[in-house]
Every structure is written in structure tokens, then in C-alpha cells.
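Undergrad: need the 3D shape of this:
(3 chains)
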Amino acid sequence: MSIIEILFWFLSALAVGAALMMVFSKNPVYSVLWLIVVFFAISGHYILLNAQFLAVVNIIVYAGAIMVLFLFVIMLINLNADTEPQKNKWLKIAGVIAGGSLLLVFIAALRQSDDVIKAQVSMGGEAGLIKTLGKTLFTDYVLPFEISSVLFLSAMVGAVVIGKKGD
Amino acid sequence: MQLTNRAKQVDRKPLNIAEKIYLPAVLKGMGITLSHIFKKKATIKFPEETRPFSPVFRGLHILNRDEEGRENCTACGLCAVACPAEAITMDAAERLPGEEHLYREEKYAAKYEINMLRCIFCGLCEEACPKDAIYLTETFAPANYSRQSFIYGKDNLVIPHPKENPEAFTKAKGLIDERKAKANQEK
Amino acid sequence: MILLAVDWAMVLEKTIFIAVIITISLVVALYMTFGERKVAAWIQDRIGPNRAGPLGLLQPLADGLKMFFKEEIIPTSSNKALFILGPSLAMVTAMLTSAVIPWGDKLELFGRTISLQIADVNIGILYVFGILSLGVYGIMIGAWASNNKFSLMGGLRAASQIISYELAMGLSLIALLMITGSLSLGDMVRQQQEGLWNVIVQPLGFLIFLVCAFAECNRTPFDLAEAENELIGGYHSEYSSLKLGFYLFAEYINMFISSAIMATLYFGGYDIIPFYDESAWGFSTNVMALLGAAALFAKILFFIFLFMWVRWTIPRFRYDQLMDLGWKKLIPLALLNMLITAAVILWWKL
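TA: Below you'll find the predicted structure:
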């Protein structure tokens, strides 16, 4: 086993383990912290794939900003293990069905991952570097990129509107 | 209603642009603090340097001795009567034969206590004393751990012997003689 | 096994260098506490600590020792694991950033070329940003785990403040990145060595960055997270002994690192004199590298002094003023700065 393989298995185990801990933690604050660990493990995977930019952006955006806000909200409304509401049996079944469908979609997607790997290899393992990423985003995918930014803008405007309603 | 004409009218105009940026004000403030770095420091490094005492400073008491080292106090009780804080208590005793070198007169204070927590350092005891026996010095009341230790007995109060320990004697006496001379002059 | 097929000499070199950097930042942070007290004293016409050792130079050791011997209190109603995790995280994130800062040029020792930078990754500045955004976890976790309202308020304030100012900081950086065209801190310094220092090109950007750096380090006038007159001690109200020491220490290390980053980004890093080619002096590489490191340190010390100077001059903001400044003033200014920079680059095809 090379050092990269060891790192890969270690990070994978960390990601899966932390994800499970996140789901099974009774205390929502613990869940958030485990989720941050998951993000770190995934960032580690990005680095192994030579996608340092993605790795760091993953940490800045998800671990550094979004999860801070999550933690913020959870701390403010003071969710505890005891305030967790009793779940409906039907709700549980619905959850299992939804989760199972998502898993199916993932498996279906991963079956065709050979093409993706080939595309990655054809770029000489540099798909994740800023230069390549920026060029692709602003040439081939410029329309979806801009549309998604408009989507974010509308979300922002919506948040401001909701926030302004009070006064 | 205007009582004096010293009241300063506060300017409540809205801030102009230069003031709204805050930066000029911030820089001005920082200039002031920077200039203070190079100013003369007000600190007095206490144990090595001390501030000059006022000639009328009133600190801890001492019980005086005369030039031969005999205690002046005759336990007359005038200081205790004069004390507004009732901090002074004493027990009188008669001088026995053979103790002439210890006490100047035939009556002396066997016990003399001042409660330094009650004392207000007004100096009335010093003024009441007919025998030049009690004086207030330039020493501060020091810190201690228990209330009991602030009740000063004769062991803390009596001045060091002028012949056996002349250095400590002059140091404990401090400015008393000067003060006495000045008081006499005024009289 | 190919497992051990690594350049052991390089591993050793980097390990030693990391140890040196960590030691230096700890010692600097230690003496910053002393410097802070001295600067505060000078500004207030006092002398400051001068009793422990010659000129009071052993004061930080005495302070540390005092902190070490204090009673370690973990409140019974606190969350123990997170209560301990909080200060540790604050310390770790504070130390991590130093990895990408170029402390100097190359040294030539024992026939090897040693770069005075732990890792010259091509996303250096983003890495700094990422670690910076994690720094708030130490504060938030500790604050929440204390199970104390004042601590929680302090933690929440820290979180919202850091997130708000991170935006303006990022926007001011984008303008800088347009000019340098690289995210690597090493490249940025090399560009500034050959050309202008970035502060001349980006004065507004630097100003925004400076204000945001103050806010990110939780320093006055932005120290609302530990506003002692309204929140007791803010997030570290419940902490005592070395855990409190970790929080305070992390703050000083953060200050050191952000001074280093400001010096690197805007003031030419280890470049000694602007507008001047130092190679004309004809010193050897090693001497030049050490001189450069010394120059960087001088710049860092200046910024540290600036941090302290501002702390003892400007009073704390009110919370709404803080948010107003961040969102309504700095972010539009940073956007404007970005637009102007982009326009200039586009117009003159720089």
C-alpha cells in the first residue's frame, strides 16, 4: 500500500464514521460538529485528487460559514437531546423510502463514473486546480454558472424581504 | 433656567462627510495617544522613590522617649479622653525602685494599645499630650491578615532606644523635631 | 513496501522548520502580552511591568506560571468534552495558519536549498482564509459548552462578527488577487520584490483588510465577544487556569499571524526596501535570506504595535454600529474597490 492509499482508506473510514455519528448523535450540536469532521475528510479526498482549490473552498464555504450559521441557530434556539420531538412511525417509513431512493440514484450515477474518471485523467489530473476550474466555469459552463448566481441572488433578496416584514 | 453662564452648548448638527468617515478623528486620536508615549511618566517607583511628605502628615503613632531612653508617657489618659474614635486604651502602673532608667516619671503605662482600625489619624492625642509622649509619624498603616494584628501594643508603638539603636531612633522620629520647632515658633 | 519511499531529509528539514516556527510564534505571543501591558502603560503615562527580571522581561514567564498554578475549574453543568475541545481548537487553528506564510527567501545549508516557508501551496491565501473561518469554532464551542448566558452571548457575537467581516475581507482580497494573478503567498512576495508593494497599488483594499483583520482577531474596537463591562468575560467567562490561557494566547497568536499576513500581502513580505534591488549589495544568499526574514519581522512588529496602539486609543463599537460598519460601509467599499481595480486592469490591459 502506498501512502496515498493509506490516506484514502483512512479518510474514507473517517468520513463514513463521522457521517454515521452525525446521524446517530442525540445532541444536535454534536451532529453539527461531526458534520464538520465529514467536510474535513471530504476535503482531504479532494487534496488526494489534486483538487486543492475545491478542498479549501469546501472548508471555507461549508465548514467555515454554513456550519457556523447552523451552530449559531442551534445554540440560539437551544435544542437539546430532550427537546427532540417523538417521531411518527409513518414519518420513519417515509424517511427510509426517501433515503433508499436517493441511494439508488447515487448507485445509478456511480455506475457510469468510468467516464468521469476518464475525463479527469484526460485533463492530466488538474481538473481541480483553479486555472482549469475557472476556465471551464467561465467558458463551457458560463450560462449555468450565471443562472445559479441569479438563483442565489433571488434567495438573498427573499431573505431580506422576510427579514424586513417585521417593521 | 440658567444658573451660571459656564454651560457649554452642545453642537447637535449632523456630521459632515469628513466626520462621517471617522478616519480623520481616529487618526487624530491615535496621534494623541502616540504623543503620550513620549511624555514624562507620572509613576513614582515606590519602594525606591517616595513622594515628599507634607509637614503636617499624620501617620502611625509612636510613644516617645527622652534623650536617655526613658519613656515619656505617664499614663495620664488625656490622649484616650481626647480620642474621638476611642481607639486608645491604657493601664497605668507605678514605677518601682530600680526602674528609673526605664520610665521618666513615677507613673507609667504598663499597657498602651491603639486600635489602628478605629484610629482616624486626627492627631488630637498628640495635641492633648502634656508630656510630649505620643506623636504621629510619617509611616503608613501597613497591610495585615487579621484584625487582631491591627491593635498595636507597646511593642509596636514605643520608639527604638536612642542610645542602643540611634539609627532606628532618628528614622522613627523623622520630622517630629522639625514639626515641634515649627509649632513652638507659631506659638 | 513503497510506503517509506519519502525524502527523509526533507521530512526532517520541514519538521525542524515547523518546530522553529511554532516556537517563535509562541515566544512572540508570550512577549506580546508583555508588550501589550507596556504599550498600554506608556500610552497612559505609566511605566508598566518592570519588576520581574531586568526591565521586567521575565514578566510573561511570571504571568504564565501564575496561570499554570491557578485552580482548574470545569463547571458541573457544562459539557465537559466540548468545554475542553473549545480552547484546544482555538489554539490549533491559531497555529495552523503559519504554514503557508513565506518567512524568508531560500537558505543554503549542508548542500541543500531550504525554503523558509513550510508549504508553498498554490492556494495559500485561500488556506489562510479557510483556517481563519474555522477559528470561530473554538470560541463558539467553548462558549456553548460553558452553559452560561454571558458566554453564549459572547460566542454568538464572535460568530456573527467574524462571518460578517470575512465577506469584506474576501472582497478586498479579490481586488488584490486580480493584480497578482496568483493565490500563492510566495508568488505574491516575489512579485512585490520586483515591482511595487501592493499597499501602493491597493491603499483602499489595504485599509478594508486592516479593519477586517482587527475584527477577525476580536481586538478592540471590535472586541464585542469579550466585552468585559457587559458580558463579564464573554466566551471565556467560565474558563480558568491554562484553558483561559489558551484562549488568550490564541488571540495573541492570531494577532501575530494576521500581522504577518498583512506584511506579506501588502508590504512586500521579506522584501527589505521598496523600489530598490537589494541584490546590488552583493551579500550571499544566506545573509540575504536572514536579512529578509528580519525585515519581515520588523514589519510584523510594527503591525503588532499598531494593534495595541489602536486598542488603547479607540473605544469599543456598539453592536449595531459594528454590523452597520461591516455590511453597509466596508462591503460596498470593497465592491467599489474591486470594480475600480478590474476597470483599470481592463482599460490599460495590465
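
Undergrad: contacting residues for the nearest residue to B:F140 once chain neighbours are set aside?
TA: Among residues not flanking B:F140 along the chain, B:G59 sits closest, at 5.7 Å (C-beta to C-beta, 6 or more residues apart in numbering or on different chains). Glycine gets a C-beta too; all of them are placed from N, C-alpha and C. The contact partners of B:G59, by C-beta atoms under 8 Å, 6 or more residues apart in numbering or on different chains, come to B:121, B:136-141.

Undergrad: restricted to strands, list those.
TA: B:L136 (DSSP state E).

Undergrad: follow-up on the earlier one: which strand or helix spans the residue nearest to B:F140?
TA: Using DSSP states H and E, B:G59 is not contained in any helix or strand.

Undergrad: quick one: neighbours of C:M338, just the number.
TA: A count of nearby residues for C:M338, using other C-beta atoms under 10 Å in any protein chain shown, gives 19.

Undergrad: how close does the nearest residue to it once chain neighbours are set aside get to C:A280?
TA: The spatial neighbour of C:M338 that comes closest, neighbours along the chain excluded (C-beta to C-beta, 6+ apart), is C:A175 at 4.6 Å. Distance, C:A175 to C:A280, using C-beta to C-beta, to the nearest Å: 32 Å.

Undergrad: neighbour count for those two, which is higher?
TA: Higher neighbour count among C:A175 and C:A280: C:A175, with 25 against 7, using other C-beta under 10 Å.

Undergrad: which element is that one on?
TA: helix C:149-180.

Undergrad: average model confidence for whichever helix or strand comes after that helix?
TA: Next helix or strand after helix C:149-180 toward the C-terminus (DSSP H and E): helix C:185-194. Averaging pLDDT along helix C:185-194 gives 82.

Undergrad: so does helix C:185-194 get close to chain A?
TA: No - shown here: helix C:185-194 not in contact with chain A (C-beta under 8 Å from any C-beta of the partner chain), separated by at least 12.6 Å.

Undergrad: go through that helix and flag the buried ones.
TA: With burial defined by 16 or more other C-beta atoms under 10 Å in any protein chain shown, the residues of helix C:185-194 counted as buried are C:185-193.

Undergrad: give the full set of residues in contact with the closest residue to chain A within the stretch 151-300 of chain C.
TA: For the stretch 151-300 of chain C and chain A, the shortest gap (C-beta to the nearest C-beta) falls at C:A159, measuring 5.3 Å. By C-beta under 8 Å, 6+ apart, the contact set of C:A159 is A:68, A:71-72, C:136, C:139-140.

Undergrad: adding neighbour count, write the residues you listed out as a markdown table.
TA: Formatted as a markdown table, the contacts of C:A159 follow (neighbours: other C-beta atoms under 10 Å in any protein chain shown):
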| residue | neighbour count |
| --- | --- |
| A:V68 | 24 |
| A:L71 | 24 |
| A:F72 | 18 |
| C:V136 | 28 |
| C:I139 | 31 |
| C:M140 | 28 |
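
Undergrad: would you map the strands across chain B?
TA: B:61-63, B:88-94, B:107-115, B:134-136, B:151-152.

Undergrad: kindly state the pLDDT recorded for the residue positioned nearest the centre of chain B?
TA: Using C-alpha atoms, centre = their mean, the residue of chain B that lies closest to the mean C-alpha position is B:G59, 2.0 Å off. On the pLDDT scale, B:G59 is placed at 84.

Undergrad: what do you get for C:E278?
TA: 67.

Undergrad: next: C:K349.
TA: On pLDDT, C:K349 comes in at 69.

Undergrad: A:G128 too?
TA: 62.

Undergrad: quick check: closest non-adjacent residue to B:A18.
TA: B:A18 sits nearest to B:P24 (C-beta to C-beta, 6+ apart), 5.8 Å away.

Undergrad: measure the one you found to chain C for me?
TA: Note on B:P24: its distance to chain C, by C-beta to the nearest C-beta, to the nearest Å, is 13 Å.
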